[in-house]
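A.B. asks: heads up, no residue letters with this:
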C-alpha cells in the first residue's frame, strides 16, 4: 500500500513539473549544449509515429519539446519523460507507438538529469548503456518493457541518489550478481520483474543491504531458493529494510523463504509468493507475526497440508488467495475472525467437510471462491449476512440441498457473479428477484427440477446464463428473456425445455454463444435466430428440428466458429461454405438428412463432421481445406469415387472416418503424410490394392479399421515395428493373402486384432503370447479431446470438443458397436481363412482374452490342455476345423464362458462334466461323430457298460432294499409319535380329556343344526 502511494506521489510530481510554467523561473530557454545533445539523441532513434516532431529548429527552446522538462532556476534539463503511448488502433501488431534504435552517449551532456523514462519503447535487444551510471543526479530511471537484452550493467550501482529503478519486462535481460544494488542506499522502489536472475544465488543478501527500500517487485525472475546456510544470518528480525510491498511470484522459491520474511514482519503490507514451490504446510510462524499484512497471495505454490487454525489471527488481511494448491482437510472455523477480509479464494484444492457457518462473520467479503474442492453439505444460512458480496463461486464441489430463495438475499444489490455449477443441488431454481447487479448466473450440472421462473427475465444486467444439464421442464417463453438486453452467453442444454416463441419475436439481446442442445425448438427452424448476427458459437443439436435449412441461416453463421446442428432431421443441400463461417471453425452437421455433394468448405476449418447424412458424389473439393484440419468424419453417407491425393497438406489431422460409403480405387500414397493421425476408419467401401508402404510413417496410429473392402496382397511386416501404439487393427473381410507374419507380435498394445475372412495361409505364430495388452487388466477408451481457443467471447474463451472412437466387433455371432466400453473387449479373430497347424500353447498366456475365434480354418491336433486358464474368456469358437482328441477338462473352469462352438471337428471322447459345458446347445458340439455325453443324446460307451453290467444291477438292488428299509422305519416312527403323542396325552390328563370330548360334542351339535336348517330350506324351495 505504501509502495503504491509512493508511486502515485512520483507520478504527481512528474505531472506537476511538466505543467510548470518556465516563465516563473529566472532562466528562459534551454542551454544550447544540452539542446544539441537532445538532437544527437534523436538522430539515433527511428520515430515512426512522429513523437519527437516538436524537436527541431522550428522550436529552439528545447524546454518546450515533448517529454522535456527544464529547471526553472538553472535552465538545465532535469527530466526526459518519453514512454511510448498506447496505439489507438489495436488491430495492428504494434500495441505501443514505440521509438526504436539506440540510446546515444550524448545524454551524458545532461548532467543535471534526475528523471529518465524510456519505457515501452523498442531498443531492439541492445545493451542498457553502461554510461547511464554516470548520470549521478538521477533519481528516477524507468527502462521497463523496452526490449533491452544481455546483462544489466553494474555501473547502475553508481546512481547513489536513485529513488526508483524499473527494468521490468525486458525478457532477454539478466543479472548474475546483484551486489551492485547495495550501493543504491537511497533506493525506495525496485522493479526487476521478468529479468533473469537465476544465477543471482545471494539475491536476498543484496536486498538486505537496501536500507530505504519500500517497494520490491521480483516476479518471474527465475529466482533460486535461498540457500539454507544463509538463513540464520537473515532471520533475526532486526533488518533495517522498511519493506512494505514484496512480490516474489513466479520463481523457484521454496519454504526456505519463510525465515527471511521475518525481517519485514512489522512493516509488510503486501506479500505475493504465488507460483513458487513452497511445498508442505503454511507455517504458523511465517505469517502469524505479520500483524499489519493486508494482502497475501500464495496460490499455485504447491502447498500440501491442512489450513492452520492460526490463519484467523491475521486480522488486518483484506486479500487472501491460497487457491490451486493441494490443501486438504476442512476449512477452519477461525476464518470467520478475519472480519476485514474482502477477497477469499480457496478454490482448486482438496478441501473437504462443510462450509463453516463462521464465514458469515466476514461481513466485508466481496469475493468468496471455494470452487473445485470436495466440500459437502448445504450452503450455510449465515451467508445471508454477507451484504457486500459481489462474487460467490462454489462450483465443482459436492454441495447439496435446496437453494433457498433468500440464501444471498442481503447481497441482492451487490452480487454480480453466482457460480454453483457441478454440484448436487436439488429443488427449483431460486427466483432471485431484485438482484439488479447480477451479471453471471451459472447453475449447470446439478439436479434442479421444475420450471425456469420468469423472474430470470428481470435480471436486467445479466450477461451470462447457464442452467444446462439439470432436470428442468416446461416452456421457455418470451417473458423468460424479456429484459435481458445485455445477455451474451445462454446455455440451457440438456434439459426438457420447450421453446414457444412467436414468429415475429425479436430478442432484446445479441448473443455471442448460444447452446440449446436437447431442448425442443422444432419442428420448424426457429426464426428468431436470424436476428443474432454476432454469434461465435451455436449449438442446437438434438432439438427436434425437421425443417429445410433456411437461406438466412448462413448469414447467422458468418461469425460462428463452433456450429453443431447434429441429431436433427434437417433437410436440404449445402451451399458453398467457404465464406459462411468465422475463422478456425468447428462444424458438426452429422445425423441429419442433407443431400447433394460435399461443397467447398472453409479454408481454416478444424473440425468437420458430416456423418450420417445422405451426401453423395466426390469429395475432391476437400482439397481446398487448409492445414488446420484435426478431425474429418464423412462416414455413413453415399459418397463415391476415388480418394483424393491431397492428404499431405493435413499433417495435423488426428481422426479420419470415411467408413460406410462407396469409395473405390487404391488408398493414396499421400496418406503416409498424415503424421499426427491416430484413428483411421475406411471400413465398408470398395477400396482395392495393397496397403501403401507410406503408412509406416503414421507412427501415432492407434486405431485402424479397413474391414469390408477388397484390399489384397500380404499384410505388411512393418505394421509391427512401425506402429507401436496400435490398439485396434481390423483388416477383416478383405482379400489379404500369405501368412501371418511374426512381426505382428511386436504390437504390445494391441487389444483387438481381426484378420478374419481373408485368404491367410500358414500357421498361427507362436509369438502371439507377446500381445502384452491382452495379458493385463485395464480398459481401452480411445477419446480425442481438443480445446479450441476463442477470444471473441468473454465467457467462452476455451471450447472443448471430444471424439470417442468406436469399433465393430464380431461378438456372439453378430457385430456389435463398442465405444465407451471398448476396453471390455480383448479379442483375436482369425476365422474364415486357410490357416493350418495347431493352436499354439502361447495363446494360453493371454489371460485377459475375452474372445477367441479361430473357426473355419484347417487347424489340426489337440485343443491346448491348459485352455481353462483363460478365465476371462466369454467367446470361444473353434468350429469347422480338423481338431481331434478330447475336449480338455480344464474348459469347465471358465465360468464366464457364454458362447462355445466346437462343432464340425474330429473331437472324440466324453464331454467334460460341469454345469458350464452341459448348459450349451447341442449345436455347439455337432459334427463330431466320436463325441459323447451330455448335452448330446449319444451316451458314452463306459456309461452304457456301467448301466447294463450285473454289478450295476446288484448295486441297484442293494440301494433299493436300503430305501425300502428306511421307508418302513419312517412309517413306524410316525405312527408312534402321532398316535401316542395325542391319544396318550388324553388318557393320562383328565382335564384335557374332558375339554377334548366337550369340544367334539359342540362340533357335532353345530353340524347337526346347520344340516337341519339347510335341509328345511331345500324342501321349501322344492315345494314352491
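C.D. replies: The structure has been received and is ready for your questions. Predicted, not measured: the structure shown is a model, and the values here were computed from it.

A.B. asks: which residue, other than its chain neighbours, is closest to residue 645?
C.D. replies: Closest residue to residue 645 apart from its sequence neighbours, by CB to CB, 6 or more residues apart in numbering: residue 668 at 4.3 Å. For glycine as for every other residue, the C-beta is placed from the backbone atoms N, C-alpha and C.

A.B. asks: in contact with the one you found: list those residues for me.
C.D. replies: Shown in contact with residue 668 (CB atoms under 8 Å, 6 or more residues apart in numbering): 643-645, 647, 692.

A.B. asks: so which of those residues belong to helices?
C.D. replies: Of those, none are assigned to helices by DSSP state H.

A.B. asks: and which of those residues is nearest to residue 554?
C.D. replies: Nearest to residue 554 among the contacts of residue 668, counting by CB to CB, is residue 644 at 25.3 Å.

A.B. asks: I'd like to know how many residues surround the closest one.
C.D. replies: For residue 644, the neighbour count with other CB atoms under 10 Å is 14.

A.B. asks: and it, what does it touch?
C.D. replies: 619-620, 622-623, 668.

A.B. asks: now the residues you listed in JSON lines, with distance to residue 367, secondary structure and pLDDT?
C.D. replies: Formatted as JSON lines, the contacts of residue 644 follow (distance: CB to CB, whole Å; DSSP: H, G, I helix; E, B strand; the rest coil; pLDDT from 0 to 100):
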{"residue": "619", "distance to residue 367": "52", "secondary structure": "coil", "pLDDT": "95"}
{"residue": "620", "distance to residue 367": "56", "secondary structure": "helix", "pLDDT": "92"}
{"residue": "622", "distance to residue 367": "49", "secondary structure": "helix", "pLDDT": "93"}
{"residue": "623", "distance to residue 367": "52", "secondary structure": "helix", "pLDDT": "92"}
{"residue": "668", "distance to residue 367": "57", "secondary structure": "coil", "pLDDT": "95"}
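
A.B. asks: filter these down to the buried ones.
C.D. replies: 619, 622, 668 (16 or more other CB atoms under 10 Å).

A.B. asks: for the first one, which non-adjacent residue is spatially closest?
C.D. replies: By that I understand residue 619. Nearest to residue 619 is residue 598, by CB to CB, 6+ apart, at 5.1 Å.

A.B. asks: same list, the buried ones among the contacts of residue 644, but as TSV with distance to residue 423 please.
C.D. replies: Output for the buried ones among the contacts of residue 644, formatted as TSV (distance: CB to CB, whole Å):
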residue	distance to residue 423
619	46
622	44
668	51
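
A.B. asks: where along the stretch 451-600 of the chain do the strands fall?
C.D. replies: Remark: strands assigned in the stretch 451-600 of the chain by DSSP state E, counting those that start in this stretch are 464-466, 471-476, 489-491, 496-499, 513-515, 537-539, 562-564, 571-573, 586-588, 593-596.

A.B. asks: packing partners for the fifth one?
C.D. replies: Using 3 or more CB pairs under 8 Å, 6 or more residues apart in numbering; DSSP states H and E as the contact criterion, the secondary-structure elements in contact with strand 513-515 are strand 489-491, strand 537-539.

A.B. asks: could you do the last one as well?
C.D. replies: Helices and strands touching strand 593-596, by 3+ CB pairs under 8 Å, 6+ apart, are strand 571-573, strand 614-617.

A.B. asks: can you redo those as JSON lines with distance to residue 142?
C.D. replies: Shown next, in JSON lines, are these (distance: least, CB to CB, whole Å):
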{"stretch": "strand 571-573", "distance to residue 142": "62"}
{"stretch": "strand 614-617", "distance to residue 142": "62"}
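
A.B. asks: out of these, which is the most enclosed?
C.D. replies: Ranked by mean neighbour count under mean count of other CB atoms under 10 Å, those are led by strand 614-617, which reaches a mean of 17.

A.B. asks: paired strands for that strand, with orientation please.
C.D. replies: Using DSSP bridges, the strands paired with strand 614-617 are strand 593-596 (parallel), strand 638-642 (parallel).

A.B. asks: next secondary structure element downstream of it?
C.D. replies: strand 631-633 (DSSP states H and E).

A.B. asks: now do the closest residue to residue 500 other than its chain neighbours against residue 337, distance only.
C.D. replies: Ranked by CB to CB, 6+ apart and with sequence neighbours excluded, the top spatial neighbour of residue 500 is residue 475, at 4.9 Å. Using CB to CB, to the nearest Å, residue 475 is found at 49 Å from residue 337.

A.B. asks: hang on, the earlier thing: got a markdown table for the strands of the stretch 451-600 of the chain, with mean pLDDT and distance to residue 1014 too?
C.D. replies: Formatted as a markdown table, the strands of the stretch 451-600 of the chain follow (pLDDT from 0 to 100; distance: least, CB to CB, whole Å):
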| stretch | mean pLDDT | distance to residue 1014 |
| --- | --- | --- |
| strand 464-466 | 97 | 81 |
| strand 471-476 | 96 | 64 |
| strand 489-491 | 97 | 80 |
| strand 496-499 | 96 | 66 |
| strand 513-515 | 96 | 81 |
| strand 537-539 | 95 | 82 |
| strand 562-564 | 94 | 82 |
| strand 571-573 | 94 | 81 |
| strand 586-588 | 93 | 84 |
| strand 593-596 | 96 | 79 |
